[in-house]
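Asks: structure, please.
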Amino acid sequence: SGLAGGAAAASMAELGYNVKVFCYQDSPRRAHSIAAQGGINAAKNYQNDGDSVWRLFYDTVKGGDFRARESNVYRLAELSVNIIDQCVAQGVPFAREYGGTLANRSFGGALVSRTFYARGQTGQQLLLGAYQALMRQVGAGQVKMLSRHEMLEPILIDGRARGIVARDMVTGKLETHLADAVVLATGGYGNVFYLATYAKGCNGTAIWRAYKKGAAFANPCYTQIHPTCIPVHGEYQSKLTLMSESLRNDGRIWVPKKAGDNRVPHQIPEDERDYYLERKYPTYGNLAPRDISSRAAKQVCDEGRGVGPGGLGVYLDFADSIGRLGAAKIGEKYGNLFEMYERITDEDPYKVPMRIFPASHYTMGGLWVDYNLMSTIPGLLVGGEANFSDHGANRLGASALMQGLADGYFILPYTVGHYLASTKLEKVDESHPEARAAVAAVEERLNRLLTMNGKRTVTSFHRELGKIMWEHCGMGRNKAGLEAALQKIPALREEFWRN
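Replies: Numbers count the residues shown, from 1 in each chain. Okay, here's the model as predicted:
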């Protein structure tokens, strides 16, 4: 019930389908889509800077190192213009120019301004738009909303997805829900790194259980490390916080030129600073694509030029922009982000540079889908971050919201209808042997966990797994590191099921 799922459910209900929506949180408004800050891309060319559907398509394919499926990406670029119209009609409060027209800003990996935004909370505002459409259908009786439920197993009957086994997380009761088709829009698996910008509830269970039932997984190695996150500050930290990529429009990224320079930033003169992205990538400057920016930050920190505790950070400095535009103008654009940063770090970014460092943020890999977003299990469709189709090896900034809403509003409602119209489905109920077998498999798995009587917490295993993944399968990967991870992870899994 995030952006992709909520939009798909609302649109399918509008078309007359009876829809059941399962929500991990207590309300769809708390889906992790709210964490998207910077904006949403669309090829509207309002800035008259040469943007087009073709250019958005090309930038997205090139940004993903030519690893995305081009037909899906072209459709995404075509639909991008419709998304903005849909959201404006819903009342989403996009930023506007003084004359009332919709405003745009630049984002990483693009040389045109095509990103529509609502200050630093674009995901939240778009989610509220989808939520109001969804709740309208709940009120009309077309959608049944089940909050605080987690999918634990897909139900396959005659090789087709015909429902799910879900757990009511308030009562603990296992429930069987049957349907003619199942749509998974459950997000990515980036929390495998433990410290990530994901909410802790983003656990990847649904797509993993679908994989175990036979749905093919595609490109699981493509995980995005976002370059602008608040650095780690302690051993027992449970998650990291994203600072929007949009900040790179007005902030300049730098580190000291000399290794081990521990002076406070305002004591380091201009000629002793290395604006390394501007130096290395003069065309894009501080708006270089995310994978390039993250690797560059890791490189300067590995050289001993990182800042802050442990040397794991670089400066994102707004002094030039504040001097040029004034603090009030910068506050209009990024005020809520500056406030969030100050609350977490107790440092005022209007007066001192932000400290940032890369962190796990998004997964380009996911369940394999065809052009209709159908997985290798007939009847199991996958939308949003949970599928693999649109971003290749690296997602450009402001493309996640675009994909989620394109899948939800404009693709799934029609591909689900195509599947139902072209498939003959028998009526089934909870007494079907396959449905009962799915429930029995979940009960057996849960009983095994509950009767283990181990000595370690789940969190300790997760933290250890995250360290292995970050060190050996994170930003830098090599043969020796991957072989080491392949030794450590099976041993950790074995201990998990024992202890």
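Asks: quick check on the closest residue to residue 24 other than its chain neighbours: phi, psi?
Replies: Excluding the flanking residues, the one nearest residue 24 by CB to CB, 6 or more residues apart in numbering is residue 201, at 5.3 Å. From N, CA and C alone the C-beta is placed, and that goes for glycine too. Note on residue 201: backbone dihedrals following degrees, to the nearest 10 are phi -80, psi -10.
Asks: please apply the same query to residue 224.
Replies: Reported as degrees, to the nearest 10, the phi and psi values for residue 224 are phi -90, psi 130.
Asks: what about the residue nearest to residue 24, neighbour count?
Replies: By the criterion of other CB atoms under 10 Å, residue 201 has 14 neighbours.
Asks: which residues of the chain fall in helices?
Replies: 3-14, 53-63, 70-90, 122-140, 205-212, 276-280, 290-302, 319-325, 327-345, 400-405, 412-421, 433-450, 458-473, 479-498 (DSSP state H).
Asks: gap between the residue nearest to residue 24 and residue 255?
Replies: Note on residue 201: its distance to residue 255, by CB to CB, to the nearest Å, is 35 Å.
Asks: from what I see, residue 96 and residue 103 are in contact.
Replies: Yes. Using CB atoms under 8 Å, residue 96 is in contact with residue 103, at 5.6 Å.
Asks: quick one, which of those two is more surrounded?
Replies: residue 103 (18 against 10).
Asks: residue contacts, the nearest residue to that one once chain neighbours are set aside?
Replies: Spatially, and ignoring its direct neighbours in sequence, residue 103 is nearest to residue 95 (4.3 Å; CB to CB, 6+ apart). Shown in contact with residue 95 (CB atoms under 8 Å, 6 or more residues apart in numbering): 102, 103, 116, 117, 118, 119.
Asks: residues near residue 138, how many?
Replies: Neighbour count of residue 138, defined by other CB under 10 Å: 17.
Asks: got a list of what it touches?
Replies: Taking CB under 8 Å, 6+ apart as the criterion, residue 138 is in contact with 144, 145.
Asks: now residue 399. Nearest residue, chain neighbours left out?
Replies: Nearest non-adjacent residue to residue 399, counting by CB to CB, 6+ apart: residue 41, 5.6 Å away.
Asks: state the pLDDT value of the residue nearest to residue 65 when sequence neighbours are not counted.
Replies: In space, and not counting its chain neighbours, residue 65 is closest to residue 393: 4.1 Å by CB to CB, 6+ apart. Predicted confidence (pLDDT) at residue 393: the value is 93.
Asks: and for residue 174?
Replies: We have a pLDDT of 97 for residue 174.
Asks: from residue 1, how far out is it?
Replies: Counting by CB to CB, the gap from residue 174 to residue 1 is 20 Å.
Asks: can you check residue 308 too?
Replies: Residue 308 sits 37 Å away from residue 1, going by CB to CB.
Asks: again with residue 436
Replies: Taking CB to CB, one finds residue 436 at 27 Å from residue 1.
Asks: likewise residue 84?
Replies: 22 Å.
Asks: who has more neighbours, those two?
Replies: Shown here are residue 84 and residue 1; by other CB under 10 Å, residue 1 has more neighbours (30 against 21).
Asks: not counting sequence-adjacent ones, nearest residue to that one?
Replies: Using CB to CB, 6+ apart, the closest residue to residue 1 is residue 28 (3.8 Å).
Asks: for residue 263, what are its contacts?
Replies: residue 256.
Asks: phi, psi of it?
Replies: Main-chain torsions, residue 263, degrees, to the nearest 10: phi -70, psi 150.
Asks: repeat that for residue 51.
Replies: Per-residue torsions, residue 51: phi -70, psi 160 (degrees, to the nearest 10).
Asks: likewise residue 346?
Replies: Residue 346 adopts backbone torsions of phi 60, psi 30, taken as degrees, to the nearest 10.
Asks: show the pLDDT at it.
Replies: pLDDT, residue 346: 94.
Asks: what's the neighbour count on it?
Replies: 7.
Asks: which parts of the stretch 151-300 of the chain are strands?
Replies: Under the criterion DSSP state E, counting those that start in this stretch, strands of the stretch 151-300 of the chain are mapped to 160-168, 174-178, 182-184, 217-218, 223-229, 252-256, 273-274.
Asks: now for those, which one comes closest to residue 356?
Replies: The closest of the strands of the stretch 151-300 of the chain to residue 356 is strand 223-229. By CB to CB, the value is 4.6 Å.
Asks: quick one: buried residues of the closest one?
Replies: For strand 223-229, the neighbour count (16 or more other CB atoms under 10 Å) marks 223, 224, 225, 226, 227, 228, 229 as buried.
Asks: give the contact list for the residue lying closest to the fifth one once chain neighbours are set aside.
Replies: Translated: residue 227. Distances taken as CB to CB, 6+ apart place residue 293 nearest to residue 227, at 3.8 Å, with adjacent residues excluded. Neighbouring residues of residue 293 by CB under 8 Å, 6+ apart: 108, 227, 248, 253, 277, 358.
Asks: wait, what's in contact with the closest residue to residue 5 other than its chain neighbours?
Replies: Once flanking residues are discounted, residue 5 sits nearest to residue 185: 3.4 Å by CB to CB, 6+ apart. Residue 185 sits next to 1, 2, 4, 5, 8, 382, 383, 384, 386, 404, 407, 408 when contact means CB under 8 Å, 6+ apart.
Asks: which of these are buried?
Replies: The neighbour count (16+ other CB under 10 Å) marks 1, 2, 4, 5, 8, 382, 383, 384, 386, 404, 407, 408 as buried among the contacts of residue 185.
Asks: in a markdown table: these, plus pLDDT.
Replies: What follows is these, written out as a markdown table (pLDDT from 0 to 100):
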| residue | pLDDT |
| --- | --- |
| 1 | 86 |
| 2 | 92 |
| 4 | 97 |
| 5 | 97 |
| 8 | 98 |
| 382 | 98 |
| 383 | 97 |
| 384 | 96 |
| 386 | 97 |
| 404 | 97 |
| 407 | 98 |
| 408 | 98 |
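Asks: low-confidence stretches in this protein?
Replies: For the chain, no stretch has pLDDT under 70.
Asks: center of it - which residue?
Replies: In the chain, the residue lying closest to the centroid (CA atoms, centre = their mean) is residue 362, at 4.2 Å.
Asks: so residue 316 makes contact with residue 354?
Replies: Yes. Assessed by CB under 8 Å, residue 316 is found in contact with residue 354 at 4.2 Å.
Asks: what do these two both touch?
Replies: When contacts are counted by CB under 8 Å, 6+ apart, residue 316 and residue 354 are jointly contacted by 243, 247, 251.
Asks: buried among those residues? Need that as a selection in ChimeraX.
Replies: Those of these that count as buried under 16+ other CB under 10 Å are selected in ChimeraX with:
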select :243,247,251
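Asks: quick one: which of the shared contacts of residue 316 and residue 354 is nearest residue 52?
Replies: Nearest to residue 52 among the shared contacts of residue 316 and residue 354, with distances taken as CB to CB, is residue 247, at 27.0 Å.
Asks: what separation do you get for the closest one and residue 55?
Replies: Residue 247 sits 24 Å away from residue 55, taking CB to CB as the criterion.
Asks: please apply the same query to residue 347.
Replies: Residue 347 sits at a distance of 38 Å from residue 55 (criterion: CB to CB).
Asks: neighbour count winner among these two?
Replies: Set residue 347 next to residue 55 and count neighbours by other CB under 10 Å: residue 55 wins out with 18 against 13.
Asks: just checking, the more buried one touches residue 44?
Replies: No. The criterion here is CB under 8 Å, and residue 55 misses it with residue 44 at 11.7 Å.
Asks: before I go, just wanted to say thanks for your time.
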